[in-house]
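Visitor: Sequence and predicted model, in that order:
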Amino acid sequence: MTRLLPYPILTACLALMWLLLAGFTSGQLVLAVLVSIGAARALKALGEVSPPVKRWIRIAEFTGIVLYDILRSNIAVAFILISGQRRASKSGFVTMPLKLRNPAGLATLAVVLTSTPGTAWLDYNSARGELLIHVFDLVDEQVWVDQILNRYEKPLLEIFE
Amino acid sequence: MITFSHADVPLWAAIVGSAFLLIGAGLTLIGTFGLVRLPTFYERIHAPTLGTSWGTAGMVMGSTIIFTAASARPVFHEILIGIFVTVTTPVTLMMLGRSALYRDRSELNPGVPPKGADFSATEQDAAETRS
Amino acid sequence: MELVIAAAIGILTASGIWLILRSRTYQLVIGFALLAYAVNLFIFSMGRLRVNAPPVLNGSGPVDVTAYTDPLPQALVLTAIVISFATTALFLVVLIVSRGITGSDHVDGREG
Amino acid sequence: MSFAPVHMTIAPILIPLIAGALMLFFDERERRLKTVLSIGSIFSLLGVATSLLMTVHLNGEPLALVYLLGNWPAPVAINLVADRLASVMLVLTAALAFPAILYAMERWDKVGPHFHSLFQFLLVGLNGAFLTGDLFNLFVFFEVMLAASYGLVLHGGGPQRVRSGLHYIAVNLGASLIFLVGIAMVFGATGSLNMAEIALRAESLEGFARPALHVGLAMLGLAFLIKAGMWPLCHWLVPAYSAAAGPVAAVFAMLSKVGIYSLLRLALLLPGDGAAFGSRVIFIGGAVTLAFASIGLLASQSMKRASAYFILMSSGTLLAAFGISVPGGTAGALFYLLSSTLAVSAFFMLVELLEREQDAASGILAVTQEAYGDGEEVEEENQEVGQVMPSALAVLGVGFALLALVLIGLPPLSGFLAKLAILTAVLGPGAGDLGALGARRTVLAILLLVSGLVALVALSRMGIRTFWAPVEPFSPRVTVVEAAPILILLAMLVALALMAGPVMNLLLAAAEDLHHPARYLSAVLGAERVPPYAGGGQ
Amino acid sequence: MNVLILSVTLWIVQAALALAMCLCVYRMVRGPRAQDRILALDSLYVCAMLVLLSFGVRTGSTIYFEVALIIGMLGFVATVSLAKFLMRGEVIE
Amino acid sequence: MWYSGLLAVIVALPFAGAVLAALLSSNARNAEAWLAGTVAASALAITITAFPHVSNGGVIRHTIEWVPALGLSLTFRMDGFAWLFSTMITGIGLLVVIYARYYMSPKDPVARFYAFFLAFMGAMQGLVLSGNLIMLAIFWELTSIFSFLLIGYWHHNQAARDGARMALTITGTGGLCLLLGFILIGQMVGSYDLDVVLASGDLIRSHDLYLPALVLILAGTLTKSAQFPFHFWLPNAMAAPTPVSAYLHSATMVKAGVFLLTRFWPVLSGTPEWFTLVGLAGLSTLLLGAYFAIFQQDMKGLLAYSTISHLGLITALLSFGSPLAAVAAIFHMVNHATFKASLFMAAGIIDHEAGTRDMRRLSGLFSAMPITATLAMVASAAMAGVPLLNGFLSKEMFFAEAIEEHQRSLLDGVAPYVATVASAFAVTYSVRFIHTVFFGPKPTDLPKEPHEPPSWMRRPIELLVILCLVVGTIPALSIGPLLHAAVISVLGDRTPYYSLSIWHGFNIPLLMSFIALSGGCVLYWLLRNYLKTCEEGPPYFRRIKGQRIFDKVLVTVSWRWARWLEGVLATRRLQPQMRLLVAAAVGAGVWAMWGASSVLPQLTAHGLDPVLGVLWAIGAFCAVSAAYQAKYHRLAALILMGATGLVTCMSFVWLSAPDLAVTQLLVEIVTTVLILLGLRWLPKRDESIPPKFDYASRFRRHRDFALALAAGMGAAVLAYFMMLTPVPKSVGDFYLQRAYSEGGGTNVVNVILVDFRGFDTMGEIVVLAIVALTVFALLRRFRPAEDSAQLPYQQREQNEQDSVAQDREVGETLQDYLLVPSIIMRWMFPVVVLFSAYLFIRGHDLPGGGFAAGVTMAIGFLLQYLAGGTRWVEDRLRILPIRWIGVGLIVAAMTGMGSFLFGYPFLTSYFQYTEIPFIGKVPTASALLFDLGVFSLVVGATVLMLIAIAHQSLRLRTRSSRGGVEGGQG
Ligand code: NA
Ligand code: NA
């Protein structure tokens, strides 16, 4: 099974993508399945291991949180940018230790932080497990550290480790 | 391939869709506005994410709504754009930010935390940037 | 519209020509790339300009040729794009090699 | 279509294409196999080309074999046209290719990877350019030819090659862009890419389309003239050709002719019997080129450089002769084309053998560099050397002398007959009244005379310096395989002189075809699709 | 009505995005550092993509969608290699 | 009846002999001599047998067609005159062969000698027996060529090389002129056939082209027979072995010129131009040659100048235009041949036996070699024109003609005096020759001890001398008939009465002879002491050495000036060439547009889309700043170029070309990466070196700017007017109509690419393949320059930091840098693969297609290389790009050829809708298979190019790691 279908979820997503592109017909479905299996095997060739997902429920929850945060910070940053009072907010670098080690988890965190206006992933030191980000609207460092560690890292840890 | 004329778009869809489109475009514009106005690179790097997150999302939703309504069948493929932008933009921005950090460090520019700094060092840096 | 494209062609051509008259190989690469854009647009413009009339037929049935823009120039431009891509790549590699052998990135392989 | 199978017309393009592609499946060590493949392909090319020539020449009907690609109707499809001229060029190409490959076997095909594939692809480009009847398709095959030539001109590496190769590529990139602009204008004005159709529509153009067509033609002409190496657009040619490896330079002798071929083809196809590109401009350009080449020939010390200047000389002569567009002159010029091309390519190889002693520079260097430069190609180390030829100097001497006769235009070989043919058509019996274009005729005659004299002076200087001056005669190490190609080409030249009668008749017929475009038009536009095809025609 | 709304909206949207592109180009030319230019190019790509989306809506055709999709999916390759070039002085090691 | 084919035989025979001789071993002296002798003898024999048929006006013709289209045929034609020459050529040839057998030393490679000698004999035969002007010109040039080879026979000495080269240059050039002259005659007469030409003298003389033709032909003949001012090559030709001089420079080659003058005498002579030109040349040569001859110290030199002078005499005779003069000319040709050949041989013997030819060292040889001396004396007496010898008769005739009035002109007036003085000089140098060499004190310090030569070496001389005597005493009986045959063949019905008696009574000619003889002797008596010691060359003219002038001119013109001119007219730099290119393009455009202003379409304001306008404002701005930045900020230029490309792509979308947009975009991405890959190997540009702002460079900038502007405006204007002119009926309509019904696709552009014009695509992918292979081949032997031959400074710095930090391994910076990105890039791989498949499959109906799919796929691979580095990827994926290329080409070609099976032309597509379960109707077009080939090739080519460059970094690492420097992870 795994030799034929290395990454079931991925394959499914790919098939869905195909259908989204080519339209939903029985013929396209057949094609979609065939092609996505092939594509998935391409990834297999790269020797990529599929991430060990533990708690599926948390994913949805987490997604919700993230989307909300992104929307919120969009508004916040946009407001700061248009309102002339640039001086009020100050930006700066924040370093924090991460427990999260799983690459997929880190990737997710990176995507989240980057997609969120106001936080930018700059450097991750794997030796120390230390993350350096830049925060656009830095009122209090600790607040940001807490938010990232509790709001994002914890659920990710639960999902991936 | 789907084609429609604006006349086929129901009014509600036109209104809602337009709203989303306007939001998306607006956010993107603001983002690029920031790109121009912000003083340091590390601040500017935040600006485009407006466009790549809700800017794109807004446009995508808008067009999805309009197409779906006009062609009277679900047209979701714009979603893909949203997904891919969300997934790929971080790669660029992370790598770019890191590169900038490296360059500033190796040129010993002020306002960036030195290599392998611990918290206190970073706080000082933050303080510097604040002042 | 025609005015815009014509102006675009003109400016691209001018910048490209200016670059291929310079002395550094890299300038030539960029110059040829710009000229390729210009020429592609030029060929393309020979089919005259139409907005939203792509030569993609709507299923079967009799075809109203006036509803579509002339597909031939597009096909020509496609071929031209590919060929100019290839030649640009080749030129790039040649200049790398020349730089490696002569030690200089001057078009004549020696300064001055 | 008489005894030529239907698909014979496209074979000259497909054979080398497939041969070149097949070679890609074998790696560099299987050089023997590749050599066999390419020689096989060249021989079949020779066969196909010859029988094409027979078909179109012997039974004058049909005047040309027209091949509608994709079986689409005449003006729309890309079409290949094998008429007398095209077939002659095909034969010539194959006839040149064989000695070149033979020569390369000794050493050059070991110097860099994929030599044989590139060579085959070059043949694809050349044959395609000769056969195609479609303007854009002509561009494509020009690019095939040029791309391969870029690869080959740099084959062997070394500073000189790379430097001159860079110039060669840069200039030709520019030329290609001009070519494209020309095509675009012609298409924009006439709405067609089929040469015959363009010629047909060219008469009935009004409004801006007319000047537009002129601009297009001017650009095309410019592109062709750059390839042909007309002064002052020829400065890339001499360094590139003289730096190129022997066999490569040998086939490049053909390359410069493609521009001239296309120019002639289009100029005479379009209304105005050669006026399309401004025959005066072409004549003057040719004359100046001829003069310049003569000067360069005198001024060049190395024989390789001299042989490159011979290329320019023949370009100049051809252009000037075509500038006075009379059928006889065209025929004579075509004869000259055959003779000079064979001679120059033989000369390129001969000269390499001679100068190899003087400067063991690029060639040998390249080999050793390839052999000992990288860990990858250590296997090159034990390169076998064919058995060395006895009394090489004598053979080379005779070869040099005979080639000199041809290049100078001294009797009794083909070079003389070629000049005689041109002069006879321009001034001699059958030239009609000299009043028309009298000035051009005189200038051409004088230039032919002077260039011959110059060649005499230059070549006697070189020959004496090489063969007579040395106190103890140097003995070049020449293997049989290296000498054979030169002898083969010499044999061809002698044959050309002996067979001059029939050859001249063939070329006269070809020239007549060229000067009566109506024949070409009817042949192309009247071409029949193979039934049954979609949309009727059972 | 709906036609009016849509056309006005699309007009504004495209104007806004075009302006956004201009701002990107300003940053691109202005610099000062290479990273700024690359950043600008990246957001220029995004803006272009959005313009194309809006164009799709304006012409009421999905035929231009793939272009936008390609920008979204592969546009980052160029900027990523630029970024890596800054960091390592080499794109592929 | 005599078989006319024999004419071809007597021409071909010597050539065949030459080939044989060349093949014999080079020291088989006897065999060679026998061979040559046999050839000459048999040719002579055949010739003699032909006499009856030409003796009174008869002509033998034999024609072999060669190039009818050019009126060039091998027409052999023998009449009395030709017969006379043919006899001389073969006869004297035979004698010289015998002589040479003993003359040539064993060291000399005789094979070459005899080969060239016989070949020359053949050429000479062909010349005199030609019945076709072109054929004549051919053999004419052949004589020049073989004489060149014979003169240069001893090429180890400088003199021989120079003499040979000079002879070739001058006579060869003359030959070219002659050819042109003949072509003009052909133009006048309408044929190259000699008989036709001879028959139409009046036509030619009255034709406008007469003068040019005459001048050109004279240029040929006068150079050949060494007439003033072209005489100077002959003395230098004396570097040849004496047999050669005896043959070429007495009997044959130099006679070719006068032969031709005589041949065309009926056609060309009799006009004032002829008289002036030929007469001037002849008389001046006659006088100067004789004068120079007196002061030579080299025996052969003396003979050479005397030859020149005698040829001048003949020329002068021909110039007079009277039949009797022509008779005298022909007569003197024969006489001169006999005595001059014998004298040359005699001189050769002396040189051979005494070891020198310098008359200052020679003296009193009579006692040593009495027989040779006697022979030489008789021969030189003939040369001096002593009665009872053949020289006397023809000279008398000459005097008689000189007195006659031909064209009343100054030349006519001076002719008799010149004649007398010249023959006085002739007597002087003849007497001198005999006196200094054979009489006087015994010779001292000679290289050899002189004595008589082997008798067979003397036989030829003896025979010739006897001829001189016989002809001199009983001319009518001996030479009479032969001369008559020759004369009537030339003069035809204009043949005059002439008597060959020795005694014509006391008349002015006799008086002139007497004056000449006595005057000559007196002159020698006066000069004798001076001549014993004086240096080579005549007084007053010593400075003027033809040789030196010639060489100087040659070197100056053909070397110095040429080099200078080439320097002026050619360039080895690229920039001027590009400028010329652009200028030419602009010029051509303007030239073609000239006067088109009347037909320009009126400018109509089309709907301007503001968005597109803004887009292009951006695009143009980026293009210009890219051009501005490209020198110092390469990265910036690259980025700006990318922006321009993006705008181009967008306007393709705008203007309904989605396919173009897709392709452009993908190519854009690949190109950017490609250039970045290349950028790593270019040197640092530091702005610290400020650009030159001197006048010259500023001027250059302005000129280039103007050029660029002109070109840009030109392109813009052309495009604009094109777009405004009404569309011609384009073939595009056809494509639109048939794309679906016959091509089976709705995306017309793609159907064009894979079906209607699939052949273009075929060529296009070949180009791509070639370029990829070339790139690969070039980089196989790539050597980076020193400063880029090490790791980029960034990597060195980062590695260094890593190694300093306690908790880090070298290369961890990179790992951390790519930790997250590489994951995302890897997961993008399947997505890209799928998308490329999608683009491929939909291509026939919607934007996409094999090319776009291929590039997409390649980008997928590229991403992996970016993320993981070369090693990492190639440990996991085994990509064989060259195979992909090969497969692509084969698939495409085979698909095209598939239609052969059904008897259709290449690339005839086949398509239908096939019913597949679940899937339903799907279009299956053979074009899709073709597109698959395109896809495969594009993937292969693109990847190959990218990877070939990328591999250089890897090679560098392996090399540097070999060198000990530890590279980062690869
Ligand atoms: Na962010
Ligand atoms: Na360490």
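Guide: Structure received. Worth saying up front: this structure is predicted, and the values here are computed from it rather than measured. Ligands and ions are numbered 1, 2, ... in the order given.

Visitor: Which residue would be the closest one in chain B to chain F?
Guide: Across chain B, the shortest distance to chain F (CB to the nearest CB) belongs to B:Val91, at 4.5 Å. For every residue, glycine as well, the C-beta is placed using N, CA and C.

Visitor: Spatially nearest residue to that residue, not counting backbone neighbours?
Guide: Once flanking residues are discounted, B:Val91 sits nearest to F:Pro821: 4.5 Å by CB to CB, 6 or more residues apart in numbering or on different chains.

Visitor: and whichever strand or helix holds the residue of chain B closest to chain F, how far out from the chain's middle?
Guide: Per DSSP states H and E, B:Val91 falls inside helix B:78-106. Remark: helix B:78-106 is offset 10 Å from the chain centroid, using CA atoms, centre = their mean, to the nearest Å.

Visitor: Double-check the residue of chain B closest to chain F against F:Ser822; I have them as touching.
Guide: No. Counting by CB atoms under 8 Å, F:Ser822 is not a contact partner of B:Val91; they are 9.2 Å apart.

Visitor: Contacts only, for E:Phe85.
Guide: Shown in contact with E:Phe85 (CB atoms under 8 Å, 6 or more residues apart in numbering or on different chains): E:91, F:635, F:676, F:679-680.

Visitor: helix, strand or coil for B:Phe76?
Guide: coil (DSSP: H, G, I helix; E, B strand; the rest coil).

Visitor: From chain E, how far off is it?
Guide: 12 Å (CB to the nearest CB, to the nearest Å).

Visitor: ok, now F:Cys649?
Guide: To chain E, F:Cys649 is 7 Å away according to CB to the nearest CB.

Visitor: how near is that residue to ligand 2?
Guide: From F:Cys649 across to ligand 2, the span is 46 Å (CB to the ion, to the nearest Å).

Visitor: That residue: helix or strand, and which one exactly?
Guide: Secondary structure from DSSP H and E places F:Cys649 in helix F:634-654.

Visitor: quick one: which helix or strand includes the residue nearest to E:Asp42 when sequence neighbours are not counted?
Guide: Once flanking residues are discounted, E:Asp42 sits nearest to E:Thr79: 4.4 Å by CB to CB, 6+ apart. Using DSSP H and E, E:Thr79 falls within helix E:65-88.

Visitor: Can you pull the residues of chain A lying near chain B?
Guide: Neighbours of chain B within chain A, by CB under 8 Å from any CB of the partner chain: A:17, A:20-21, A:70-71, A:74, A:77-78, A:81-82, A:86, A:90-95, A:110-111, A:113-123, A:125, A:128, A:132, A:134, A:136, A:138, A:141.

Visitor: just the buried members of those residues?
Guide: Listed as buried from those are A:17, A:20-21, A:70, A:74, A:77-78, A:81, A:90-95, A:110-111, A:113-123, A:125, A:132, A:134, A:136, A:138, A:141; burial here means 16 or more other CB atoms under 10 Å in any protein chain shown.

Visitor: separation between F:Gly175 and D:Ala170?
Guide: 44 Å (CB to CB, to the nearest Å).

Visitor: Can you report phi and psi for the closest residue to F:Arg360 other than its chain neighbours?
Guide: Once flanking residues are discounted, F:Arg360 sits nearest to F:Gln297: 5.5 Å by CB to CB, 6+ apart. The phi/psi pair for F:Gln297 (degrees, to the nearest 10) reads phi -100, psi -20.

Visitor: Give the burial count for F:Gln297, as a bare number.
Guide: F:Gln297 has 20 neighbours, counted by other CB atoms under 10 Å in any protein chain shown.

Visitor: What is the burial count for D:Val66?
Guide: So D:Val66, with other CB under 10 Å, has 24 neighbours.

Visitor: B:Pro74 too?
Guide: Count around B:Pro74 with other CB under 10 Å applied: 11.

Visitor: How about it, nearest residue that isn't a chain neighbour?
Guide: B:Thr68 (5.5 Å).

Visitor: Please name every helix or strand in contact with the helix holding F:Cys649.
Guide: Applying 3 or more CB pairs under 8 Å, 6 or more residues apart in numbering or on different chains; DSSP states H and E, one finds that helix F:634-654 contacts helix C:2-20, helix C:25-45, helix E:2-30, helix E:34-59, helix E:65-88, helix F:610-629, helix F:658-679.

Visitor: Among the ones you listed, which comes closest to D:Ala19?
Guide: Distance to D:Ala19, taken as CB to CB, is lowest for helix F:658-679 among the helices and strands packed on helix F:634-654, at 29.3 Å.

Visitor: residues of the helix or strand following the closest one that come out buried?
Guide: Using DSSP H and E, the next helix or strand after helix F:658-679 towards the C-terminus is helix F:695-724. Going by neighbour count (16+ other CB under 10 Å), the buried part of helix F:695-724 is F:701, F:704, F:707-708, F:710-712, F:714-724.

Visitor: what's whatever residue of chain A ends up closest to ligand 2 in contact with, if anything?
Guide: Closest approach of chain A to ligand 2 (CB to the ion) occurs at A:Ala127, with a separation of 9.6 Å. Applying CB under 8 Å, 6+ apart, we find A:Ala127 in contact with F:807-808, F:812.

Visitor: residue contacts, F:Ala858?
Guide: F:670, F:938-939, F:942-943, F:946.

Visitor: let's see it at 7 Å
Guide: F:670, F:939, F:942-943 (CB atoms under 7 Å, 6 or more residues apart in numbering or on different chains).

Visitor: Repeat that for F:Ile669.
Guide: F:Ile669 touches E:74, E:77-78, F:859, counting by CB under 7 Å, 6+ apart.

Visitor: For the residues you listed, work out which two are farthest apart.
Guide: E:Ala78 and F:Ile859 (9.8 Å).

Visitor: per-residue confidence at the nearest residue to C:Phe85 once chain neighbours are set aside?
Guide: Leaving aside its sequence neighbours, C:Phe85 sits nearest to F:Val667 (CB to CB, 6+ apart; 4.9 Å). Here the pLDDT value assigned to F:Val667 is 95.

Visitor: same thing with the one 10 residues further on?
Guide: Among the per-residue scores, F:Leu677 shows a pLDDT of 92.

Visitor: helices and strands of chain D: which one has the lowest mean pLDDT?
Guide: Using mean pLDDT, DSSP states H and E, helix D:362-373 stands out as the lowest-scoring helix or strand of chain D, at a mean of 38.

Visitor: On the C-terminal side of that one, identify the next helix or strand.
Guide: Counting by DSSP H and E, what follows helix D:362-373 is helix D:392-408.

Visitor: Centre-most residue in chain C?
Guide: For chain C, the residue nearest the mean C-alpha position is C:Ala36 (1.9 Å; CA atoms, centre = their mean).
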